Every structure is written in structure tokens, then in C-alpha cells.
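fold the following and give me the result.
(4 chains)
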Protein chains: 2
Amino acid sequence: MIPPAPVGTPAAPDSDRCDVRHADPTRLAARRASLLPADAVVSLAETFKLLGDATRVRILDALSHGELCVCEIAALVDLSESAVSHQLRLLRGLRLVRPRRAGRLAYYTLDDQHIMSLFQQGLRHVQEPGNVESTS
Amino acid sequence: MIPPAPVGTPAAPDSDRCDVRHADPTRLAARRASLLPADAVVSLAETFKLLGDATRVRILDALSHGELCVCEIAALVDLSESAVSHQLRLLRGLRLVRPRRAGRLAYYTLDDQHIMSLFQQGLRHVQEPGNVESTS
DNA sequence: TGAACATATGAGCAGATGTTCATATGTCAT
DNA sequence: ATGACATATGAACATCTGCTCATATGTTCA
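Prediction:
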């Protein structure tokens, strides 16, 4: 994994790199202590990653006004029912949606109200002046 | 792109699919009208996608306590400065961070306070009982 | 000026992601 | 039971992503 030690590097015993030169280590140590724990970071990233796809955003947005069955969602987001089902599986995995079976239909609902707050907050960022593609 | 029209489908004139059968079209039409506009969906997804990576979450988290130069960030997230620089470029692209040059150093700051609200909100979801991997 | 340094960026590559296709499971109507 | 239907899922495949390596740009100091 590790490439053949770069020539001319006389065994630096520090795990860090440039901070030992121009920054004071104490500052970094303090910063390091206030970082989010690793598992929180991973969970957070997993959640955001799931929201980071236009198809899934559309699905969640569609569900925000009430439950829908799979084929209704497929019609609304204009995608195959198979593709939608795959995405719903992912969303189910992180408990963002919840199914309710009614005969052969499966109605899905948002399972967490936080998600809509997240959307609102996200839209607020997007609509911030200057944060859109069409920056003049 | 479109596969050879499925045999036995007698020219359905509807753009939808199964809703014309078991759901009333009016309901779907209403839903369709209340969907987010396409560009909002895309912007939203782009933003969340950027937040959907553990490395970038760590970078933003590190910056949440104040500005840091590239090599300090690299030290904190334990990654090469090149990798960090690449990620910072993406974050800059969506105006999530902003650089300040000081000689040969580049200090980065969070450029949008909404981001931290997004993190808080996201953490609230993650910490929801039952939304963690360690579900008993 | 030239060497060391901090950062930026392009190419390349391994691994992840999202869709389609085929097929499986379970439900309803006949 | 049988066929039509709604959904779920696995495999395959093209695309995207994030890292590393090499290299370019711009700064500081001698």
C-alpha cells in the first residue's frame, strides 16, 4: 500500500505534517478534540449521500404531501417502477420512508419529519443570492 | 434509446402508467403541480451530494470552529494535501467554503451559515432512536 | 536568481452508484 | 388453479467519484 519512502525524507517522527512547522500544535490539538466523533461523521455523510441524488429528492418531495404507492411515484418522477423500487429500498434502509402494504399495492410515507426540515434548510442555501448556477 | 415497443401494449395514449388504472388521475395531477421545480431539485441534490461524503463532512466540521489552512485541514482529517485541495475545490464550487490567501498559505472558512444548521438537523435525524446501525 | 514550500490541478485508476433487464414473490379476479 | 398485476431483487453494465501521482503556479527566504 505504502509507496517506497520518498527519498530525502529523513525519518520524520511526526504523524502530522506541516502543522509542526508554521502552526502551533496546541491549536490543532484543541481543534482535533472538538471534532465530531467518527461514527457521527459517517452517519451524517450516509444520510446526506442518500439525499444527494435528484431521483431520491424527487421521490421524497413527492411523498412530502402524503403517501403514494410505488407506481404512482414512478409516474410522478417519470422512472421505471423497478428503478423506483430500488431507490425506495435505500430510503427504507435509512428509515427515511416507511411502507404500508394494501393488497398488492405498497404505499410509502416519509418516516422522519426531520427530512423535510433538511429540505427547507437546503433550499434556503440554494436560494441564497449567488449560490445558483445562473450567477451573472 | 427506447427499446422495441413491448408487444401486446395497444398504444396507451397516457403519459402515465398505472395511475390510470387504480388511482384517480386528478389526485396525481394535483401532486404533480405541487412538486418542486426541476432546477430546485437538481440544486438541492447537488448540495446534499456534496455533503454526502465523510471526508467533506470532516473538512466542514473542522472549519466550523474557525478558519484553517489547507495543510492544517489535511492534518486534521488525516489525508494528503492534494486530496484535501481537490475536495476544497468542490466545496468552493458550491460556495460552501471561501479561501483567504495569506502569503503562500490559503485559509479556508465556511461561507454559509446554513451549512451548520444542516449539520445540526442531520445529526438530529441520525440520533433519532432507531436510526443508527446499532439497532438492537 | 534559485531552492524550498503551500497550494492547485490534470490524468489515471479502483471502487461505488444508478439504471435496465430478467426474474421472483405475493395478491387479486376469474 | 390460472393469468394479470404490483412490487422486490439480483446481475450486468455504463457512468461517476475520490484518491494518488506527477506536475504547474505562485510565494518566501537566502
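
name the residue closest to the centre of chain A, please.
residue A:48 (1.2 Å; C-alpha atoms, centre = their mean).

now do the SS call for it.
helix (DSSP: H, G, I helix; E, B strand; the rest coil).

what's stretch A:58-76 in contact with?
A:51, A:77, A:80-81, A:83-85, A:87-88, A:91, A:96-97, A:100, A:102, A:105-110, A:115-116, A:119, B:16-19, B:23, B:28, B:31-32, B:34-36, B:41 (C-beta atoms under 8 Å, 6 or more residues apart in numbering or on different chains). Placement of C-beta: from N, CA and C, glycine included.

tell me how many other residues surround the nearest residue to residue A:100 once chain neighbours are set aside.
Distances taken as C-beta to C-beta, 6 or more residues apart in numbering or on different chains put residue A:107 closest to residue A:100, at 4.6 Å, once the chain neighbours are dropped. Neighbourhood size, residue A:107 [other C-beta atoms under 10 Å in any protein chain shown]: 17.

how far away is residue A:107 from residue A:72?
9 Å (C-beta to C-beta, to the nearest Å).

on that earlier part again, pull out the buried residues from the contacts of stretch A:58-76.
For those, a burial check counting by 16 or more other C-beta atoms under 10 Å in any protein chain shown picks out A:51, A:77, A:81, A:84, A:87-88, A:91, A:96-97, A:105-108, A:110, A:115, A:119, B:16, B:18-19, B:23, B:28, B:31, B:35-36, B:41.

let's see which of those residues end up in strands.
A:97, A:105, A:106, A:107, A:108, A:110 (DSSP state E).

those also near DNA strand C: which ones?
Residues shared between those and the neighbourhood of DNA strand C: none [C-beta under 7 Å from any atom of the strand].

and those as JSON lines, adding pLDDT?
As requested, those are exported to JSON lines (pLDDT from 0 to 100):
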{"residue": "A:97", "pLDDT": "97"}
{"residue": "A:105", "pLDDT": "93"}
{"residue": "A:106", "pLDDT": "95"}
{"residue": "A:107", "pLDDT": "95"}
{"residue": "A:108", "pLDDT": "97"}
{"residue": "A:110", "pLDDT": "97"}
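
quick check: the two most widely separated of those residues?
The largest separation in those, counting by C-beta to C-beta, is between A:105 and A:110 at 17.6 Å.

pLDDT weak spots in chain A?
For chain A, applying pLDDT under 70 flags the ranges A:1-24, A:129-136.

at 80 instead, please
A:1-25, A:128-136 (pLDDT under 80).

can you list the residues of it near DNA strand D?
So chain A meets DNA strand D at A:3, A:69-71, A:74, A:81-82, A:85-86, A:88-89, A:99, A:104-106 (C-beta under 7 Å from any atom of the strand).

try it again at 6 Å.
Listed as neighbours of DNA strand D in chain A under the rule C-beta under 6 Å from any atom of the strand: A:3, A:69-71, A:81-82, A:85-86, A:88-89, A:99, A:104-106.

quick one: residue A:96 and chain B, what's the gap?
8 Å (C-beta to the nearest C-beta, to the nearest Å).

same check on residue A:122?
The value you get for residue A:122 to chain B, if C-beta to the nearest C-beta is used, is 5 Å.

ok, now which ones touch that residue?
Contacts of residue A:122 by C-beta under 8 Å, 6+ apart are A:51, B:44, B:47, B:48, B:114, B:118.

my reading is that it lies in a helix. Confirm?
Yes. Under three-state DSSP, residue A:122 sits within a helix.

so what's the residue nearest to residue A:100 up against?
Counting by C-beta under 8 Å, 6+ apart, residue A:107 has contacts A:67, A:68, A:69, A:99, A:100, A:101.

switch the cut-off to 7 Å
By C-beta atoms under 7 Å, 6 or more residues apart in numbering or on different chains, residue A:107 lies in contact with A:67, A:68, A:69, A:99, A:100.
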